[in-house]
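Chemist: got a predicted structure plus its sequence, pasted below:
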Amino acid sequence: MGDTLHSDFRHPRPDVRLHTILRLRWLAVLGQLAAIFIVVQGFDFEVPILPCLIVIGLSAGLNLALQIAYAPTHRLDPVFAAALLAMNIVELAALLMLTGGLQNPFSFLFLAPVLISATALPTRYTIALGLLAATCATLLGFFHLPLPWNGDEPLVLPPTYMLGVWFSIIMALVVTSLYAFQVTEEARKLSDALAATELVLTREQHLTQIDGLAAAAAHELGTPLSTIFLIANELQNAAKDRAPDDPLITDVATIREQAKRCRDILAKITQLSSSGAPFDRMPLTNLIEEVVAPHREFGIDLKIRIADGSPPEPVGLRNPAVLYGIGNLVENAVDFARDAVGVNAWWSREQVDIVISDDGPGIPPDLLKKIGEPYLSRRAAGDSRSGHRGLGLGVFIARTLLERTGAKVGFSNRPFPDHGAIVTISWPRERFETGVSGPT
């Protein structure tokens, strides 16, 4: 399932809406105007007001032009969104050059466009914007007008302190961008994985609903089919006086025979779809055999061991989530096994346990505590017997489905000198037999 899920769910990031960028740019314009007003009127500092207003006016003019030219719902290609964020950096650099350079406490606003890019744009654009911001910060260390101040002499900070400010801006750009990118990427992966889980559940539920539709169709078709069968009988009785080789007698007999056949088929469908039918519930041993059967043709010795206990064998509903979850874990064990895979099961009056083990390389120690998270697998393309690239998404879906049925899923390795992975699945017996799904 790896390739399919990879293509269905690992989409590139969606394009950014123009309205979102424009709101941020208008917020920057208002903040810049407010800062100039407070510095000039509140602190009575000397500020090159006209050049600053020209820079802010150009930014506001671009905002107006974009609002007029495009609808608010227009989505920007990543390259255009990055260009607008780059203009934000250049505009901020121009204002800082007029108002003290890195001595201006607003110099840390270089972080904002890069941080936005880290959460919404591809990595290459974030790197480019980070380099642009770092370049502007470096140039501002050498080229800038004095910081507006109320003394006769301009405020001059020590070079060592300014070097520290520059270094802190660079480090903040790197650290915050990496952190924002990592958090956003993990959230996106988790969202994609949950979407994949819901898709699996929806497909399985759809198959279950088809069963009910078949029963409904059988019930609805029963009445007209009975009418056809009744008319066929009457026609056959009416045609008794005709010659045996009369084509009408043959046709009426064929109609009656086919109508009877249709009734038998509908009767079987109704029987299989009714509540309490033989396939609605299945013993634990039958469940394991159904899960293991598709994997017997891969040259791996599948050893099934059932520990008979004094309580009767648990019988649960034929739950697609359980079948899919256990089947996926068995498939992973077969993929990584060298020679054999073991599926052991036992039960008591309180609990039902299934243990899946293999003799493969086992789970790397650094991944053992994280196993079951989406896109965690390091399996390269072609490593598995199915030929798919491992994403970790299959294990995540299997674990989610099983936990929704009340199971606890644990991962471990065989103790040395043995090697291989062990997956333990445990249900409270009541939850296994009733098949109630939901949050655990």
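Modeler: The structure has been received and is ready for your questions. Residues are numbered from 1 along each chain as shown.
Chemist: quick one: contacts for residue 115?
Modeler: Residues in contact with residue 115 (Cβ atoms under 8 Å, 6 or more residues apart in numbering) are 176, 177, 180. C-beta coordinates here come from the backbone N, C-alpha and C atoms, glycine included.
Chemist: can you check the pLDDT for it?
Modeler: With respect to pLDDT, residue 115 scores 86.
Chemist: so which strand or helix has it?
Modeler: Per DSSP states H and E: residue 115 is located in helix 111-120.
Chemist: how about the CA coordinates for the helix or strand that that helix is followed by, as CSV?
Modeler: Using DSSP H and E, the helix or strand that follows helix 111-120 in sequence is helix 123-140. Below are the C-alpha coordinates for helix 123-140, written out as CSV (Å, rounded to 0.1, in the frame of the first residue of the first chain):
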residue,chain,number,x,y,z
THR,A,123,12.0,24.7,1.7
ARG,A,124,14.1,26.2,-1.1
TYR,A,125,12.1,29.5,-0.9
THR,A,126,12.6,29.6,2.8
ILE,A,127,16.3,29.2,2.5
ALA,A,128,16.4,31.9,-0.2
LEU,A,129,14.4,34.3,2.0
GLY,A,130,16.6,33.5,5.0
LEU,A,131,19.8,34.3,3.0
LEU,A,132,18.2,37.5,1.8
ALA,A,133,17.3,38.5,5.4
ALA,A,134,20.8,37.6,6.6
THR,A,135,22.4,39.6,3.8
CYS,A,136,20.2,42.7,4.6
ALA,A,137,21.1,42.4,8.3
THR,A,138,24.8,42.2,7.5
LEU,A,139,24.6,45.3,5.2
LEU,A,140,22.7,47.2,7.9
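Chemist: for helix 123-140, name the packing helices and strands.
Modeler: In terms of contacts (3 or more Cβ pairs under 8 Å, 6 or more residues apart in numbering; DSSP states H and E), helix 123-140 is packed against helix 78-98, helix 111-120, helix 159-238.
Chemist: of these, which approaches residue 396 most closely?
Modeler: Comparison of the helices and strands packed on helix 123-140 against residue 396 by Cβ to Cβ identifies helix 159-238 as nearest, at 5.1 Å.
Chemist: chain center to the helix or strand following that closest one, what's the gap?
Modeler: Sequence-wise, the next helix or strand downstream of helix 159-238 (DSSP H and E) is helix 247-273. Its chain's average C-alpha position is 49 Å from that of helix 247-273, according to Cα atoms, centre = their mean, to the nearest Å.
Chemist: now helix 247-273: average pLDDT?
Modeler: Across helix 247-273, pLDDT averages out at 72.
Chemist: go on, stretch 296-315?
Modeler: Mean per-residue pLDDT for stretch 296-315: 81.
Chemist: quick one: that stretch to chain centroid distance?
Modeler: That offset, for stretch 296-315, works out to 33 Å (Cα atoms, centre = their mean).
Chemist: show residues contacting that stretch.
Modeler: By Cβ under 8 Å, 6+ apart, the surrounding residues in contact with stretch 296-315 are 281-285, 288-289, 292, 295, 334, 337, 339-349, 352, 385, 429, 432-433.
Chemist: surely residue 353 is in a strand?
Modeler: Yes: per DSSP: H, G, I helix; E, B strand; the rest coil, residue 353 lies within a strand segment.
Chemist: ok, the nearest residue to it once chain neighbours are set aside - how many residues close by?
Modeler: Residue nearest to residue 353 in three dimensions, not counting chain neighbours: residue 426, with 5.0 Å by Cβ to Cβ, 6 or more residues apart in numbering. Other residues within reach of residue 426, judged by other Cβ atoms under 10 Å, total 16.
Chemist: and for residue 318?
Modeler: By other Cβ under 10 Å, the burial measure for residue 318, its neighbour count, is 16.
Chemist: for residue 101, see how far away it is.
Modeler: From residue 318 across to residue 101, the span is 71 Å (Cβ to Cβ, to the nearest Å).
Chemist: before we move on, what about residue 405?
Modeler: From residue 405 over to residue 101 the distance is 62 Å, taken as Cβ to Cβ.
Chemist: then residue 114?
Modeler: Distance of residue 114 to residue 101, given as Cβ to Cβ: 19 Å.
Chemist: in stretch 411-425, what counts as buried?
Modeler: For stretch 411-425, the neighbour count (16 or more other Cβ atoms under 10 Å) marks 411, 413, 420, 421, 422, 423, 424, 425 as buried.
Chemist: for stretch 134-151, same thing?
Modeler: Residues 134, 136, 137, 140, 141, 144, 147, 148 are the ones in stretch 134-151 that count as buried (16+ other Cβ under 10 Å).
Chemist: average model confidence for that stretch?
Modeler: The pLDDT scores in stretch 134-151 average 85.
Chemist: also stretch 236-244?
Modeler: Averaged over stretch 236-244, pLDDT sits at 72.
Chemist: buried stuff in it?
Modeler: Using 16+ other Cβ under 10 Å as the burial criterion, the residues of stretch 236-244 that qualify are residue 239.
Chemist: quick revisit: between the helix holding residue 115 and helix 123-140, how many degrees?
Modeler: Orientation check (axes from the mean of the first three to the mean of the last three Cα atoms, to 10 degrees): helix 111-120 against helix 123-140 gives 170 degrees.
Chemist: for the contacts of residue 115, pick the one with the most neighbours.
Modeler: Neighbour counts for the contacts of residue 115 peak at residue 177, which has 23 neighbours (criterion: other Cβ under 10 Å).
Chemist: quick one: which of the contacts of stretch 296-315 sit in strands?
Modeler: Using DSSP state E, the subset of the contacts of stretch 296-315 located in strands is 281, 282, 283, 340, 341, 342, 343, 344, 345, 346, 347, 352.
Chemist: neighbour-wise, which of those residues leads?
Modeler: residue 341 (27 neighbours).
Chemist: can I assume that one is in contact with residue 330?
Modeler: Yes: counting by Cβ atoms under 8 Å, residue 341 touches residue 330, with 7.0 Å between them.
Chemist: what's the helix or strand containing residue 54 packed up against?
Modeler: According to DSSP H and E, residue 54 maps onto helix 49-69. Packing contacts for helix 49-69, counted by 3+ Cβ pairs under 8 Å, 6+ apart, involve helix 18-37, helix 78-98.
Chemist: hey, which of these is tucked in deepest?
Modeler: Of the helices and strands packed on helix 49-69, the one with the most neighbours on average (mean count of other Cβ atoms under 10 Å) is helix 78-98, at a mean of 19.
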